[in-house]
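Asks: Sequence and predicted structure, then a few things I'm wondering about:
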Amino acid sequence: MKESKNIGLVLSGGGFKGVAHIGAIQAIEEVGIAIKYISGSSAGALVGAMYAAGHSPEVIKRFFQKTSLFNFNRFTRKKAGFLDSEKFYNDLISFFPENTFESLQKNMFVTTTNLVEGVTEVFSSGQLIKPLLASAAFPGVFTPVMIGDQLYADGGILDNFPVAPLQQNCDFIIGVDVSPIKKPKISDFKHSYNVMQRAYYLRAVPNSETRFSQCDMIIQAKALANYGLFNSNNLDKVYDLGYNEAKAKIEQFLSS
């Protein structure tokens, strides 16, 4: 693996569970694996782009810990969602001051869903922040994002595990999935977001699992099924799950 010239990293969507990606990246860095290409959807796109910009796992983790989703100033009443995606722009500009894919230190692919055309679209050049906001625009919660004359939303709607952009460029692909699921109880459906989360999982998980075989290594901490997409109360535990699972999988691979 270390001798591979072009190592790619695919990062799934998963809301605040995307913090597990940061733990996995920490484990990858500790063994000296040099990632050259990154493909991400939703939370995976955010984490991947920050990593591609040269920010440390510690700094990326701090962003997720300090960024409040449900701040009153982010709510909207005249757009298709509860939270205005574009009001997170200022949270990201300090991480990406040049706001371009070309300014990143690694090759980055950001997966989005074109809502009108009903197709996946991958951004890898030009402006960076708007595609990131679009990729993370969970339907019904965050407003879709206009880029040019098209309307975009969460990349996970159609492709929550976007390995395809890496296949022509990489000779070794590591996949990190943070969206394992467990069967819920009827009593779990207390709020509208519980229903939306379940609908997301039912669509995204089978979609992702069909693509696992296209990776040379899959990192997926099953215990992440115990945490919610929008729950930010256990980010240290989520980070540790990603780190420990990645460390174990890497050690297993290197010793085989």
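Replies: Cool, the structure landed. Residues are numbered from 1 along each chain as shown.
Asks: For stretch 80-93, which residues meet the burial criterion?
Replies: 81, 82, 83, 84, 85, 86, 87, 88, 92 (16 or more other Cβ atoms under 10 Å). For glycine as for every other residue, the C-beta is placed from the backbone atoms N, C-alpha and C.
Asks: May I have the distance across that stretch, first residue to last?
Replies: By Cα to Cα, to the nearest Å, the extent of stretch 80-93 from end to end equals 24 Å.
Asks: Name the surrounding residues that touch the lowest-mean-pLDDT helix or strand in the chain.
Replies: For the chain, the helix or strand with the lowest mean confidence is helix 192-209, at a mean of 74 (criterion: mean pLDDT, DSSP states H and E). Helix 192-209 has contacts (Cβ atoms under 8 Å, 6 or more residues apart in numbering) with 12-13, 138-141, 156-161, 177, 179-181, 184, 188-189, 228-230.
Asks: thinking again about what came up before, max pairwise distance over the buried residues of stretch 80-93: which two?
Replies: 82 and 92 (19.4 Å; Cβ to Cβ).
Asks: can you map out the strands along the stretch 101-250 of the chain?
Replies: Secondary structure of the stretch 101-250 of the chain, counting by DSSP state E, counting those that start in this stretch: strands at 107-114, 119-123, 145-147, 150-154, 172-176, 217-219.
Asks: And these: which comes nearest residue 49?
Replies: Going by Cβ to Cβ, the one of those nearest residue 49 is strand 107-114, 5.5 Å.
Asks: Output the contacting helices and strands for the closest one.
Replies: For strand 107-114, the elements it packs on are strand 35-41, helix 43-52, strand 119-123, helix 129-135, strand 150-154, helix 164-167, judged by 3 or more Cβ pairs under 8 Å, 6 or more residues apart in numbering; DSSP states H and E.
Asks: quick check: mean pLDDT across that strand?
Replies: Strand 107-114 shows a mean pLDDT of 98.
Asks: In the chain, spot the helix with the most residues.
Replies: In the chain, ranked by residue count with DSSP state H as the criterion, the top helix is helix 235-255.
Asks: buried sites along it?
Replies: 235, 238-247, 249-250.
Asks: for stretch 52-72, same thing?
Replies: For stretch 52-72, using 16+ other Cβ under 10 Å, the buried residues are 52, 53, 55, 57, 60, 61, 63, 64.
Asks: and which of those is nearest to residue 213?
Replies: Looking across these and measuring by Cβ to Cβ, the closest to residue 213 is residue 52, at 25.3 Å.
Asks: Give me the contacts around the longest helix of the chain.
Replies: 1, 16-17, 19-28, 30-31, 33, 61, 64-65, 176, 178, 217-221, 223-224, 227.
Asks: which of these count as buried?
Replies: Buried among these (16+ other Cβ under 10 Å): 16-17, 19-28, 33, 61, 64, 176, 178, 217-221, 224, 227.
Asks: so who does residue 138 touch?
Replies: 15, 42, 153, 154, 156, 196, 200, 229.
Asks: Give the bridge partners for residue 113, please.
Replies: residue 120, residue 153 (DSSP bridges).
Asks: My guess is it contacts residue 150. True?
Replies: No: contact criterion Cβ atoms under 8 Å: residue 113 and residue 150 do not qualify, at 10.6 Å.
Asks: Reformat the buried residues of helix 235-255 as JSON lines; add pLDDT and distance to residue 77.
Replies: As requested, those are exported to JSON lines (pLDDT from 0 to 100; distance: Cβ to Cβ, whole Å):
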{"residue": "235", "pLDDT": "94", "distance to residue 77": "30"}
{"residue": "238", "pLDDT": "97", "distance to residue 77": "32"}
{"residue": "239", "pLDDT": "97", "distance to residue 77": "35"}
{"residue": "240", "pLDDT": "98", "distance to residue 77": "39"}
{"residue": "241", "pLDDT": "98", "distance to residue 77": "37"}
{"residue": "242", "pLDDT": "98", "distance to residue 77": "36"}
{"residue": "243", "pLDDT": "98", "distance to residue 77": "40"}
{"residue": "244", "pLDDT": "98", "distance to residue 77": "43"}
{"residue": "245", "pLDDT": "98", "distance to residue 77": "41"}
{"residue": "246", "pLDDT": "98", "distance to residue 77": "42"}
{"residue": "247", "pLDDT": "97", "distance to residue 77": "46"}
{"residue": "249", "pLDDT": "96", "distance to residue 77": "45"}
{"residue": "250", "pLDDT": "96", "distance to residue 77": "47"}
